[in-house]
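**Q** here is my input, please return the structure:
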Amino acid sequence: MSTMPKVVVLAPPDKPHVAEALKRLEPVMRRHAEILAIDQAFQYSFENSPVDLVVVLGGDGSILQSARQMGRFQKPVLGVNLGRLGFLAALSPERLVDVWPEVCKGRYSKANHLMFECKVYRDGSLIHQHLGLNEVSILGGPPYSMLQIDLYVDQQLATTYNCDGLIISTPVGSTAHNLSAGGPILRKTLQAFVISPISPHTLTMRPFVDTADRIFELKLRHSHPTASVVVDGRVACPIDPALTVRIQRAASSFQLISVPGQNDYKTLREKLGWSGSPSGQVEHL
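**A** I've put the predicted structure just below:
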């Protein structure tokens, strides 16, 4: 009986550089693992799958897609960066070749990262449900007028934001839209959410961090023709004052593999230019 780990490889379609890297890396991976599937359509079903680990080729956008695809059946993920920045897909293809034999022997560490459920209700009835890894946002398009958003925490009104939008982010998502909006960077393994208003009208409205054990609800006070609920960069649904958006910890956790040499501060130093200028702009694959 084979003792090699069972692996699924996920990669975005229609990316020539990803296809080239896959062609180069596939023989290396097959020498030490049983490849169950190479999925370039993000359609593989992980329900009842015997897969031991998932290799994602691409950028952080591909990592987010893999988390959505696995849903309640999360598996350990090794991200190989073929984008530009790559906070989650931080391993280079060259480094994968070096560490792959050890990874296949189980010699790696794994961290569980907070995921969330976003549920949208109308008059108490559930109309949308999404599992996410990065953030939930309420954003308005043209006409670009200010939004009024009520925030409830554990069913108690916390505040009303007058702002261009509002972000509720996980630690993994804290280096994405939250960071661009002036929010803090959280260590990825923290069990917390950060709430960040976008261009708040009141200067005292600052981002704040709360435990992941709370339930957050967002309500729009006044209608806006193009306001939407956005989950991990994808529009979930339009929003109007009759809807309630509820965000809470998901039962599932995202499992990210790290190998020797990977370090959160090293990633921030290299990717955000803490020692100089940023290495590039984020590219979502």
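**Q** now the longest helix along the chain: buried residues?
**A** Identified as the longest helix of the chain according to DSSP state H is helix 16-30. Of the residues in helix 16-30, those scored as buried under the neighbour-count criterion (16 or more other Cβ atoms under 10 Å) are 18, 21, 22, 25, 29. C-beta coordinates here come from the backbone N, C-alpha and C atoms, glycine included.
**Q** which of those residues sits closest to residue 137?
**A** Distance to residue 137, by Cβ to Cβ, is smallest for residue 18 among those, at 27.4 Å.
**Q** does that closest one touch residue 12 like I think?
**A** Yes - counting by Cβ atoms under 8 Å, residue 12 is a contact partner of residue 18 at 5.9 Å.
**Q** returning to what we had before: helices and strands around the longest helix of the chain, which ones?
**A** Under the contact criterion of 3 or more Cβ pairs under 8 Å, 6 or more residues apart in numbering; DSSP states H and E, helix 16-30 touches strand 6-10, strand 34-39, strand 53-58, helix 93-104.
**Q** mind redoing it with 7 Å?
**A** With contacts taken as 3 or more Cβ pairs under 7 Å, 6 or more residues apart in numbering; DSSP states H and E, helix 16-30 sits against strand 53-58, helix 93-104.
**Q** in a strand, residue 115, correct?
**A** Yes - note on residue 115: a strand contains this position according to DSSP: H, G, I helix; E, B strand; the rest coil.
**Q** residues contacting it?
**A** When the contact criterion is Cβ atoms under 7 Å, 6 or more residues apart in numbering, the partners of residue 115 are 67, 131, 132, 133, 250, 252, 253, 254.
**Q** residue 9 versus that one, what's the distance?
**A** Computed as Cβ to Cβ, to the nearest Å, the residue 115 to residue 9 distance reads 22 Å.
**Q** quick one: contacts for residue 64?
**A** The contact partners of residue 64, taken as Cβ under 7 Å, 6+ apart, are 133, 134, 232.
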